[in-house]
Structure formats: structure tokens, C-alpha cells
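*Asks:* Need a 3D model of the following:
(2 chains)
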There are 2 protein chains.
Amino acid sequence: MTIPAPASSLAAYLDATAERRLARYLEFLRIPSISGIPEHAPDCRRAAEQLAADLLAGGLEHVEVSETGGHPIVYADWLNAPGAPTVLLYGHYDVQPVDPLDEWLAAPFDPVVRDGRVLARGASDDKSNISIALSAVEAVLVTRGALPLNLRLLFEGEEESSSVHLEPWLTANAARLAADVALVADSGFFAGNLPAITVGLRGLAAAEIHVRGPFQDVHSGVYGGAIENPINALASIIASLKGADGRVRIPGFYDDVVALSDAERAAMATLPFDEEALRAELDVPALVGESGWTTMERRSARPTLDVNGIWGGFSGEGAKTIIPGRAHAKITCRLVADQDPTRIFELLRDYVREVAPPGVRVDVVAMGGGRPTLTPEDHPATQAYARALGATFGRAPVFVREGGSVPVAASFESILGMPVTVMGFMPPNGNFHAPNEWMDMANFETGVRALACFFDEFAGRPAG
Amino acid sequence: MTIPAPASSLAAYLDATAERRLARYLEFLRIPSISGIPEHAPDCRRAAEQLAADLLAGGLEHVEVSETGGHPIVYADWLNAPGAPTVLLYGHYDVQPVDPLDEWLAAPFDPVVRDGRVLARGASDDKSNISIALSAVEAVLVTRGALPLNLRLLFEGEEESSSVHLEPWLTANAARLAADVALVADSGFFAGNLPAITVGLRGLAAAEIHVRGPFQDVHSGVYGGAIENPINALASIIASLKGADGRVRIPGFYDDVVALSDAERAAMATLPFDEEALRAELDVPALVGESGWTTMERRSARPTLDVNGIWGGFSGEGAKTIIPGRAHAKITCRLVADQDPTRIFELLRDYVREVAPPGVRVDVVAMGGGRPTLTPEDHPATQAYARALGATFGRAPVFVREGGSVPVAASFESILGMPVTVMGFMPPNGNFHAPNEWMDMANFETGVRALACFFDEFAGRPAG
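*Replies:* You can find the predicted model right below:
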């Protein structure tokens, strides 16, 4: 039997090892594990293998790099606390693409540390949370020889590319993933330095629209007036999707939306939120969106429809007077409970077919998605985590809804049958999915301490 | 004094030198003189210098490569027929860009001769007409020692990129360009092998629309619902430009259009035109356009509005769930008499500003243009050219309106004050401005003979 070291040694150990933690985290950021770009598949595998090596070195057991048919899943556990609760902690080691590259202040995979921040792709989303979890577990194991509870760690490599292989893997491995709660470590703070626990996450339904006109690009003088232009057609299709009031016009789109209660709207209205600061930060002339809802509600508790990319015809310098043969757009809808991604895609597809002008052929292709979630505020793990945040960050966390999507949260609920608490330490304005993604290193360090504290709180071990 | 050789020697000379003509034409096609792409400026200059060398070798005088501030203008003349009329013949040695490159059956600047066709960028537009003119002049000078009339040749290198330096050059050189008629050699046949003289050309007004949203691409989950999406905004702007009836909705757009007379509509209806063949050739489900007009009318005598290119956000493989910072479109309107390009741009710009949704910033930038023209059918040069076509191709030409734009035609009228006849030998479905541009070599050869015949016809020299 291992005799726990005094708690003070955990704090002392953490204070003494900050530099090593930072070095390991920066090393992890140097791997360009972009899951959505096939050329980066070897980098994703390298990230998985590095992570597995670090878990093994950190004292985790049953470490494996598990094949999925896509990028591997890294699994590890520590299950030597009989009678104590079991936590399944999830994160993802893959990152978003980096373009437009010329807007980065430094190379995205050559992390820069400046003014207490780390600048790199993945610095926050989600390599910060993974690194924090690894460091917290390692520190407790080194200083006490044991965790106060049982822990399973599960890190996937396809979160930024629709997690296509995760659900089959969870289904195949459900029996050995039993836990009392899933801690989805892919979220962050609310406004500045205010810790948050995410109780709602939006889902996602992704589609591509491909419009086909003439068999190839043709002369706009010779054929202009005779045939439909695929770009004009695509623009009219996209314009049909939303009204001037910001509402999505696809019939049935809002049918399954769980209405915000008056109490929820009132609670949301009390959260600190500076609309003008957001407007200025984004450098837009005005914040706009679906009429009848506040900006805070629109970006977290209401569904959206955004075009993520559009292309067709000539985009080089100079002029090319053509009617293009093809035009394309990538579209995603952010969904809220209880919208279903498959149903929303079908409604979108049917509506696009209906509004497509004659003279072109239109294909609508499903590109994956994920369900929205609403998680319970009163679950013991959620409450334990709230206490841990309060104790380490010095202020009670707020319970919020996030606008982003963590489809896996829904998968843990539906496949593994366990409640989900979504947490993490990313800065709310951390430029994830954008140039110049960054992480706050003070919060990184306090985050390690918060997670170690959570283990004690959820295990019922006396603090100190 | 040169004693003219018998006419039969012209025919014999032309029959004997076809191979050499083809070789020189193919050599010309190998120069990638894409005027709209800055990297190809040296190629444009090389094409100009090659052309000048060929003109000198062909017996032309006062050959010069004239600086314009952009790509040079090649000028040459032969003015030794006092008392005879003077013709100014225009063509352009620059070509369109080649993308999408992967749709070409062969490298665009490595011409392939197959089944009586030459496949290459510029094979028809406009290096065929330049090569034909050069060959006709050379053959007459070699076999007769003189032309029956005075000739000025003027070849520009910026026709495919809005001819920005041509008007100033014409203005500066107007005094030395005096001629009885301008022959704009930048057109082609009507339907298959039916020679045509173009009496109407559409003009052009080009613009770019730039939509600015957030300062950079941002996460569509975090900000989706809070701000306008620049691509959605651009799509709604573009969709506003035309109605479901195919009519341009910009106020005042049609104000200056000269209405087609009933007689003109009747004459146009007699031209051979197979709508189903065009639909099948272009592989579109239907021919569509402005309601109330036939396809033939819509593509030649009615103005249009087409998006030539659109881009914004993420267009790579996989998903990137962003709200893009920017979205862009290139737009051209084909204009008909008496629409003015500057006025049409201003109307477009004002309307775009009016319909632009709040929440984004929109810039509309003028990208050049050209005036439409209507040329007289009864001018002696037009009539002489019609007789020459009839004598060489064995059938009388039709008088048509072309959907394309030759802005220089308007410049010759307005700056040099001379009537303009638009002619040429391009196949009507020659894929100019598109992949796999081609030229019919039988028509190329007969074209050389037709042009030589025109010199005699317009000079009043007896045929034979």
C-alpha cells in the first residue's frame, strides 16, 4: 500500500515543475496534427504516439494507440481506487487547418511564448486541456503514489474533422469504458478570467452544395444570356436560406428547438457580456442575427446557418470573362437541443433542391455533424468541479451554454449512457479555428491545480 | 516599278506555302501571352517582338513595337497605293488565362494539330485572325510586289485585360492612323461553316465586390449567430442583382438599351440556330435567361450580368467551421447599344451599397469595360468583305450580332472617327476563354484567301 504524501508536496511539486510542463506542451504543439487534411495523417499519428509515450511516463496504465480506420484514439487508465468513483476524461489531439497562413504573427507550429501567452495552432483547442489533464494526473501520482479515484483518459484525433470513427469505436469498446461521469475537456472560460462550466453545447450539421452549369467554363459574351450562371444560381440558393430577419427559412428547421425558459433567459442576461467590446474586437460595423433574441442567446442557445467557404470560376488577378462550369459552397448549421443533425441535413437538402433555379444541376452532400447537448447542473461531478474551480481560481464558476460543438458529448450520453460535464481552460477569445490561436499560461498552471483538486472533491477526499 | 505577277501565282503561292504558314502560326501559339497575369508580361513582350519580326519579314514597312505603359502595341503599314483606299486592320496578340488547367486535353501552349483542328490557348482568339492577316498581306506582296490598297496593321496586347492603354495610345497617335475604315479582326463564323460579318458587339462593365466581416476568419460556433457572415451577405447581394425572371434588377440598367425593331427580330429569327444542339453541347438542363426574349436575342442583343468568379473562406478538402473574414466576387455585365460602361458601373455600385445587409462592409471596385457597338451593313468595306467571303467560301455571309465584347471597336469609332467592320474566322464554338480552345485549319486557309480577295474588292481591282 502506498502512503499518500502530504498535500503540500503536490503544491511544491507543481511549483517546481512548471518549466518542464511548458516544454512538454510546446513540444506537443510543434506537431501539425491537422486531422482534416489527408497529407497530415502521419502528423496525427505522431501526435498520438507522443501522447501515449507521455501518458506512460506520467504513470498511467494500459496505455494504447488504438486503430480506428482513421486517426488513432489514445486510451490510458488508472483503476486502482476500488470503491471510489470512476471518471472518463476526453480530449482531442487534432487541430484545425491554419489558412489563411499570412495572417499569423508567427509560424503556427513553431509556438511562441510572449506576455504570458502561448501562440500556436492548438495552443488552446484542445492541446491545452490535454496537457493540463496529463500534468494533473502525473503530479498527483508522483507526489502521492495514487489517485483518489479511478480515471480513464480517452483522446481522439478527428474532433476537427467530424469524429467519423469515434462513435463506432465507442460502440465497440463500450463495455470497457464504464464510468460514473464523462468529463469532456474541450471547453474554456467565460469572459476573461471567469471560470465556467458548460451546460449546453451546440451540435453541427455540415453540407456541401455543388452547382453544375455548362460542361466547362465558357465565354460570358458568347453564352451570356443563354444559360444560367452556376455562381449566380448558388448565390440565389444561399440567399434563400435565411431571411432579412436573420431567421433560417428552411421549413421545419426550428421545429425541435427546446425553447429557452424565461428563467434561463434571465440568468443568461446576468452574465457579464460587453456587446460593444465584442463588436470592436471583431471589427464589424454591427452585431446582427436572428431577430427577437439577444446576442448572447443567438450565439449559444439558438441555431445558425453559416457558409464556411465558397468557390467557383476565376479568382486570380485580372479579369476572365467567363460563365463558370461549377460553383461550390460549404455550409454548417450550429444546432441546439433537440435538433437532430441528420434531420436538419435532410431539410436543408430538400429545401435547396426546391429553391434551385432551373438551368443548373445541384447536388447537396452531407458532410457529417453532431448532436447538441444540455447537461445537468446538479450532477455530483459538476458540483465537485465547481468547488475545485472556486478553490483554485478564487471565484465560483458560471454555468454557460457554449456556441461551439463537441459532438462527442452527445455520443457519451447516447452510447456510453453516462452523464457529461463539459469543462476546460481555453480563453474565450483564444482564436481557435482562426489565425493566432493562443493560451493563457497562468490559467494553464491554475488549471492543472484545479483538476487535481477536482479529483479529491469528486472522490470525497478531504481537501488540504 | 513592280510588274504585278499573274493572279494565278497568288493561288499557287498560297497552295505551296500552307505548311510554312501553319508552322509560323504554331510557333506564335507557343508564346503564353496572357495579358491579365502580371507574371506573363515578358511573354506578352516576346509575342509582340515575334509578331514585329514576322511583319518585317512579310514585307510590311514602318514596323514598330510601341510602348504603352503596359504590354506594347505592334504597328506596321504599307502605304504605297496612292489614290486607293486605306484600311486599318486591328487584332490582339494577347490571350486569356488557361485555368482550369486540368480540363485541357493537351498543354495549352503546346499546340496539337488533329483532325483538321489546332488545339491551343489563342488558337482562335485572336492569334488565328492575326496570322491570317499577316499571311494574306505577305502572299500578295510576294506574288504581286504590291497591295491594291493602303494598309495599316495594329495589334494590341491587352484586349483580354480591358485594353487599358489602348485608348490613350490611339488618342496620342490618331493623326498618323488615318484610314477609310477599321477592320476589327477579332470575330468569327456563325454556326458551323457559315461566314459572318458582325454588325453588333456587346460592351462590358466589370466590377469586383469585396465584403468585409470580422477582422479575420473566426470560429462559427463561438460567433455564429452574433455577426453577419460575409459569404452569406455576398450571396444575398448577388441574388438581389437579378430576378427570377432573369432580368437585372438594378434601377436604370435597361434605360439606354436600343430596342430591337420588329424587322431585326424577324431577321434574327431566320438565322440557323439549333437550341437543342446548343443545350446538349453545353450539357445544361435548359437554356434560360431574361424572360420575353429568344435565346438568340438574349445572347447578342440584350445586356447580361454574370458572376465570373467568387471566393471566400475555406475551400480545401475537409471541414473548417469558420465565419470567414472576407468574401469576394468578380462581376461583368455585357452591354448593348447605347449602354455606357461607366454609367452601368455606377448604377451597379449604388445598388450594391443599397442592398448590402448591415453587419458587413462592402466595397465595389470598377475593373474597366468597353462600349457596345452597332456597325453599318451598307458601308463599302462591309459590302466588299461580304463579296470576298462569298467568292472564297462559296456562300454569302450572314450579318449578325455577337454576344462578346470588342471594346476597341467603339474606340475606333469615337477616337479615330472611322466606321468599323468586325470580321474574323474563329469557329463559333471554339472554346475561346475556356479549356481546349481550337481553330479550324480549312477555314484558316480559306480565310487567308478571303482577306486577299477583300483587298482587291475594296480597292476596286478586277477579280481574277
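*Asks:* how close does A:V352 sit to A:L241?
*Replies:* The span separating A:V352 from A:L241 equals 8 Å under the rule CB to CB, to the nearest Å. Every C-beta, even on glycine, is put in place using the N, C-alpha and C of the backbone.
*Asks:* beta partners for the nearest residue to A:L166 once chain neighbours are set aside?
*Replies:* Once flanking residues are discounted, A:L166 sits nearest to A:E156: 5.3 Å by CB to CB, 6 or more residues apart in numbering or on different chains. Under DSSP bridges, the beta-bridge partners of A:E156 are A:H92.
*Asks:* Now do A:E156: how many residues are near it, please.
*Replies:* 27 (other CB atoms under 10 Å in any protein chain shown).
*Asks:* My read is that it contacts A:Y75, right?
*Replies:* No - using CB atoms under 8 Å, A:E156 makes no contact with A:Y75, being 9.8 Å away.
*Asks:* Give me the distance between the two termini of stretch A:247-261.
*Replies:* Counting by CA to CA, to the nearest Å, you get 20 Å between the two ends of stretch A:247-261.
*Asks:* typo on my end, stretch A:298-317
*Replies:* Stretch A:298-317 has its terminal residues 38 Å apart, counting by CA to CA.
*Asks:* Which positions within it qualify as buried?
*Replies:* Neighbour counts over stretch A:298-317 (16 or more other CB atoms under 10 Å in any protein chain shown) mark A:298-315 as buried.
*Asks:* Select from those every entry located in helices.
*Replies:* A:R298 (DSSP state H).
*Asks:* Which ones among the buried residues of stretch A:298-317 map onto strands?
*Replies:* Among the buried residues of stretch A:298-317, the ones falling in strands (DSSP state E) are A:306-313.
*Asks:* ok now the lengthiest strand in chain A, how far from the chain's centre?
*Replies:* Longest strand in chain A, counting residues (DSSP E): strand A:196-212. Strand A:196-212 sits 11 Å away from the centroid of its parent chain (CA atoms, centre = their mean, to the nearest Å).
*Asks:* now the angle between strand A:306-313 and that strand, please.
*Replies:* Angle, strand A:196-212 to strand A:306-313, by axes from the mean of the first three to the mean of the last three CA atoms, to 10 degrees: 30 degrees.
*Asks:* And chain B, is strand A:196-212 touching that?
*Replies:* Yes - against chain B, strand A:196-212 shows contacts by CB under 8 Å from any CB of the partner chain at A:202, A:204, A:206.
*Asks:* thinking again about what came up before, quick check: which of the ones in strands among the buried residues of stretch A:298-317 are also close to chain B?
*Replies:* With CB under 8 Å from any CB as the criterion, these include A:306-313 near chain B.
*Asks:* how about the residues you listed in TSV, adding pLDDT and distance to A:P85?
*Replies:* Below are those laid out as TSV (pLDDT from 0 to 100; distance: CB to CB, whole Å):
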residue	pLDDT	distance to A:P85
A:D306	98	40
A:V307	98	44
A:N308	98	40
A:G309	98	44
A:I310	98	49
A:W311	98	50
A:G312	98	54
A:G313	97	58
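*Asks:* quick check, A:A366 in a helix?
*Replies:* No - counting by DSSP: H, G, I helix; E, B strand; the rest coil, A:A366 falls outside a helix, being strand.
*Asks:* burial count for it?
*Replies:* The number of residues packed near A:A366 is 15, by other CB under 10 Å.
*Asks:* Then A:A263?
*Replies:* Using other CB under 10 Å: A:A263 sits among 8 other residues.
*Asks:* tell me the phi and psi of the residue of the stretch 251-400 of chain A found nearest chain B?
*Replies:* Nearest to chain B, among the residues of the stretch 251-400 of chain A, is A:G318, at 3.0 Å (CB to the nearest CB). Main-chain torsions, A:G318, degrees, to the nearest 10: phi 90, psi -170.
*Asks:* can you check A:R121 too?
*Replies:* Phi and psi for A:R121, reported as degrees, to the nearest 10, are phi -70, psi 130.
*Asks:* circling back: any idea how far the residue nearest to A:L166 is from A:V448?
*Replies:* In terms of CB to CB, A:E156 sits 22 Å off from A:V448.
*Asks:* hmm, back to that, can you tell me which of the residues of strand A:196-212 next to chain B comes closest to A:P376?
*Replies:* Using CB to CB, A:R202 comes nearest to A:P376 of those, at 17.7 Å.
*Asks:* Wait, the closest one touches A:L335, no?
*Replies:* Yes - with contacts counted by CB under 8 Å, A:R202 reaches A:L335, the gap being 5.8 Å.
*Asks:* Pick out whichever of the two has more residues nearby.
*Replies:* A:R202 (32 against 27).
*Asks:* Name the nearest residue to that one, ignoring sequence neighbours.
*Replies:* Leaving aside its sequence neighbours, A:R202 sits nearest to A:R334 (CB to CB, 6+ apart; 4.3 Å).
*Asks:* excluding its backbone neighbours, what's nearest the residue of chain A most remote from its centre?
*Replies:* Largest separation from the mean C-alpha position in chain A: A:V222, at 48.4 Å (CA atoms, centre = their mean). Counting by CB to CB, 6+ apart, B:G403 is the residue found nearest to A:V222 once chain neighbours are left out, at 5.1 Å.
*Asks:* ok, the residue farthest from the centre of chain A to A:I322 distance?
*Replies:* A:V222 is 10 Å from A:I322, by CB to CB.
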